[in-house]
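>>> Predicted model follows, preceded by the sequence.
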Amino acid sequence: MEEGTTQKTTQKTAQKTTQKISEMELKILEVIKENSGFSRNEIAEAIGDITPDGIKYHLSSLQKKRLLKRIGGRKEGYWKVLMQQLSADAKKAGSAEMTLDEINAEIAAARNGK
C-alpha cells in the first residue's frame with residue numbers, strides 16, 4: 001500500500017470518528033466524568049430532562065463515536081471516557097470538527113448552563 005493511500009484512509013477514518021457531539025451527549029459525559037459507576041437511571045436522574053431510554057440512545061451514540069466505553073458488566077461495571085481517542089484521530093487527520101480542548105470547553109459551558 002502506498003503512503004498516500006494510507007494517509008487518505010487514515011484521514012477518512014478519523015473524519016468518521018470526529019462527528020459533532022450533541023449538547024445532551026456533553027451533559028452525559030460530564031455526569032460520567034463525575035461518577036463513572038452511574039447506571040442509565042442514575043445518569044437520567046442527574047441530568048433531569050431525559051428518560052433512561054434517552055440515555056441509552058446517547059450512550060450508544062457515544063460508544064459508536066469511540067468517545068465512551070463500558071468496562072465490566074451492568075452491575076459492577078463503569079464507564080470510561082475515551083476523548084483522548086478523538087484527539088489522537090484528529091491529529092492523524094490534520095483536522096477535526098472539534099478538538100479535545102473544544103470538547104472540554106463545551107462540557108464546562110454545559111455544566112455552567114450556558
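Good, I have the coordinates. Numbering: from 1, shown residues only.
>>> Point to the helix or strand of the chain where mean pLDDT is at its lowest.
In the chain, the helix or strand scored least confidently by mean pLDDT, DSSP states H and E is helix 83-93, which has a mean of 50.
>>> Next, count neighbours for P52.
By other Cβ atoms under 10 Å, the residues close to P52 number 14. Quick note: C-beta positions are derived from backbone N, CA and C, even for glycine.
>>> Assess the claim that it and A44 are in contact.
Yes: in this structure, P52 is within contact of A44 by Cβ atoms under 8 Å, at 4.7 Å.
>>> This structure: strands as residue ranges?
68-71, 78-81 (DSSP state E).
>>> which one of these is the most hemmed in?
Most buried of the strands of the chain, by mean neighbour count (mean count of other Cβ atoms under 10 Å): strand 78-81, with a mean of 16.
>>> pLDDT of that strand, averaged?
Average pLDDT, strand 78-81: 92.
>>> ok, now stretch 55-62?
95.
>>> circling back to that earlier point, distance to L26 added to the strands of the chain, as TSV?
Listed next are those as TSV, based on distance: least, Cβ to Cβ, whole Å:
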stretch	distance to L26
strand 68-71	12
strand 78-81	11
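>>> just the helices in this structure please.
Along the chain, the segments classed as helices by DSSP state H run 3-17, 23-34, 40-47, 52-64, 83-93, 100-111.
>>> Low-confidence bits of this structure, can you list those?
Within the chain, the stretches with pLDDT under 70 are 1-19, 83-104, 106-107, 109-111, 113-114.
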